[in-house]
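**Q** here are the coordinates; sequence isn't available:
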């Protein structure tokens, strides 16, 4: 079955960077893109970025452009999300999710979420 | 940017009730809409895509309808496992994949 397994919780100071990983299994990795969303407590999910697992093409949300980088490793089926210059309002649960088909339309499988806390 | 709204924000219902949630988009998104269910501490789960297509494995008591700017998610007979928060999400061409603010379904 399709599984996305994310790395563990992170605690960071303002100004630092965080990298969260997402390992995919149970399907042909290069046939689907991976998106990242984040969700603050009591809030809706917010789409952040997408990467094509096939060719590494990326699309970044306007709000995160310049602070986020997605990469993927097709030998291990892992996607990495790096977010830089962290602020307190970056504290949230971060999810990776598989995009429908090869695109970035809707998300049919999600990782378990990674809590990122940013505090002085 | 496309703005998404949902109503109501909270809905109190009983087992067996028919429940309807409405999602509206600020501009036409044709049928490019998905619905998710989320329980506390868990990731969202896809229920419906392309406004009305039921994801594999999702119970048939869930249904979706609508097009353009107004959409509905209906649960025909509410079950104990359905108490959760429901989100709509648009995926119009060139959009940034916006989610609605959510509708929490709780026990009456």
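**A** Structure's in. What do you need? Every value quoted in this text rests on a predicted model; they were computed, and no experiment measured them.
**Q** Quick one: residues contacting residue B:15.
**A** If you count contacts by CB atoms under 8 Å, 6 or more residues apart in numbering or on different chains, residue B:15 has them with B:78-80. Placement of C-beta: from N, CA and C, glycine included.
**Q** ok, now with 6 Å
**A** Applying CB atoms under 6 Å, 6 or more residues apart in numbering or on different chains to residue B:15 gives the contacts residue B:78.
**Q** The residue most central in space within chain A: what's it in contact with?
**A** Closest residue to the average C-alpha location of chain A: residue A:36 at 3.2 Å, with CA atoms, centre = their mean. By CB under 6 Å, 6+ apart, the contact set of residue A:36 is A:48-49, A:81, A:96.
**Q** before we move on, what about residue B:83?
**A** Contacts of residue B:83 (CB under 6 Å, 6+ apart): B:105-106.
**Q** Quickly note the distance from it to residue B:8.
**A** Using CB to CB, to the nearest Å, we find residue B:83 at a distance of 15 Å from residue B:8.
**Q** Neighbour-wise, which one of the contacts of residue A:36 leads?
**A** residue A:96 (30 neighbours; other CB atoms under 10 Å in any protein chain shown).
**Q** Who is the residue nearest to that one when sequence neighbours are not counted paired with across the strands?
**A** Excluding the flanking residues, the one nearest residue A:96 by CB to CB, 6 or more residues apart in numbering or on different chains is residue A:22, at 3.5 Å. Under DSSP bridges, the beta-bridge partners of residue A:22 are residue A:6, residue A:79.
**Q** neighbours of residue A:22, just the number please.
**A** 26.
**Q** residue contacts, it?
**A** By CB under 6 Å, 6+ apart, the residues touching residue A:22 are A:4, A:6, A:79, A:96, A:111.
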